[in-house]
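> Here is a sequence together with a model predicted from it:
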Amino acid sequence: MAAQSFTDADVRQVLHAVGVPADDHHLTFEQLDVDSLALMEMATRIMRSHGVDIEELLTPDRTPAAMKALVNDLLSAG
């Protein structure tokens, strides 16, 4: 069963899994030196754990905070 919300702990876990420090959730993925492969890996992990597909929406100009909001918006939309 998919999780009901995407928490700060979930964000840290996804970032840690691809080797990104979770220090500042307001820097863009580009500023955090996250490449397209890592973005795809994060999207895949979120799909597996939360059942939402954000692969096309997870871009270098997003931030971890924006990723959290996006996942939660999609979860609440059902």
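Sure thing, it's come through. These numbers come from a predicted model, not from an experiment.
> quick one: low-confidence parts of this structure?
Applying pLDDT under 70 to the chain flags the ranges 1-3.
> mind listing the helices for it?
8-17, 36-50, 64-77 (DSSP state H).
> For His26, find the nearest of those.
Smallest distance to His26 across the helices of the chain (C-beta to C-beta): 5.7 Å, for helix 64-77. (Each C-beta comes from the backbone N, C-alpha and C, glycine too.)
> Quick check: buried residues in that closest one?
Across helix 64-77, burial judged by 16 or more other C-beta atoms under 10 Å covers Pro64, Ala66, Met67, Lys68, Leu70, Val71, Asn72, Leu74, Leu75.
> what does that helix contact?
With C-beta atoms under 8 Å, 6 or more residues apart in numbering as the test, helix 64-77 has contacts from 2-8, 10-11, 14-15, 22, 25-27, 29, 32, 42, 46, 50, 52, 54, 57-58, 62.
> Just the buried residues of the residues you listed.
Neighbour-count burial (16+ other C-beta under 10 Å) is assigned, among the contacts of helix 64-77, to 6, 10-11, 14-15, 25, 27, 29, 32, 42, 46, 50, 52, 54, 58, 62.
> From the centre of the protein outward, give me the first residue you hit.
Centroid check for the chain by C-alpha atoms, centre = their mean gives Met67 as the closest residue, at 4.6 Å.
> from the buried residues of helix 64-77, which is closest to Leu37?
Met67 (16.1 Å).
> For the closest one, give its distance to Val14.
Computed as C-beta to C-beta, to the nearest Å, the Met67 to Val14 distance reads 8 Å.
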